[in-house]
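S.K.: kindly generate the corresponding structure for this input.
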Amino acid sequence: MSLGRACTKVRDCTEQAFEVSSEVSLFAAIDLIVKNQYVLVRDSEHKISGIVTTSDLSIQFGQLGEPFLLAGEIEQHIRRLIQNKFTNKELEAAKYPGDSDRAVMNVADLTLGEYVRLLENKENWKKLNLNVDQAVFVRDLQEIRDIRNDVMHFDPDGISDQERSTLRRFVAFMQQLSKIGVT
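M.R.: You can find the predicted model right below:
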């Protein structure tokens with residue numbers, strides 16, 4: 001009534017509902033969800049089976065995006081930690097055996113697994129002058145590498161809450177090292 005519409009039938013007071021099939025991917029529905037703040041989801045029997053809102057999108061992208069961002073931050077911290085501490089020859093020696101075609105000119109040319117290989121070496125570890133247990137650090141970095149591989153290769157199961165916590169803890173640890181001037 002406040003909009004000046006005649007409301008003689010229920011349909012006169014309703015708004016268009018926006019729907020998608022349950023077969024439509026979330027990514028295909030993003031524009032419609034954002035534009036309308038929601039979509040109703042119809043199942044294969046044409047019944048409304050749910051609703052997806054912009055809040056749901058935010059939660060989903062946070063869950064999907066956080067591991068990518070955490071893994072990226074960890075790699076940046078590791079690069080800063082080892083940057084300018086090793087010769088090109090030492091960096092090249094950390095490269096996977098059999099990967100002879102790839103040149104390693106700086107720390108950014110190494111993979112996370114190769115950072116592990118570099119830091120497993122006791123002589124290399126000494127160059128960091130890091131007062132942290134090498135075995136624990138390398139073990140944790142290997143675990144980060146495994147989680148990162150699941151994230152980057154889109155493991156259909158995703159990562160567990162424990163793995164997400166492991167990423168967060170390692171980022172916090174690396175941030176602390178950075179605060180005290182180690183990285």
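S.K.: quick check: phi and psi on the residue nearest the centre of the chain?
M.R.: For the chain, F68 is the residue whose C-alpha lies nearest the centre (CA atoms, centre = their mean; 1.5 Å). The phi/psi pair for F68 (degrees, to the nearest 10) reads phi -60, psi -50.
S.K.: pretty sure it is touching D150, no?
M.R.: No - the pair F68 / D150 is not scored as a contact, 11.4 Å apart, by CB atoms under 8 Å. For glycine as for every other residue, the C-beta is placed from the backbone atoms N, C-alpha and C.
S.K.: all the helices of the protein, in order from the start?
M.R.: Secondary structure of the chain (DSSP state H): helices at 26-36, 54-82, 88-93, 112-120, 122-128, 134-152, 161-179.
S.K.: tabulate the ones you listed in JSON lines, adding columns for mean pLDDT and distance to S44.
M.R.: Shown next, in JSON lines, are those (pLDDT from 0 to 100; distance: least, CB to CB, whole Å):
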{"stretch": "helix 26-36", "mean pLDDT": "91", "distance to S44": "16"}
{"stretch": "helix 54-82", "mean pLDDT": "91", "distance to S44": "21"}
{"stretch": "helix 88-93", "mean pLDDT": "92", "distance to S44": "54"}
{"stretch": "helix 112-120", "mean pLDDT": "96", "distance to S44": "42"}
{"stretch": "helix 122-128", "mean pLDDT": "95", "distance to S44": "57"}
{"stretch": "helix 134-152", "mean pLDDT": "94", "distance to S44": "31"}
{"stretch": "helix 161-179", "mean pLDDT": "95", "distance to S44": "31"}
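S.K.: thank you, goodbye.
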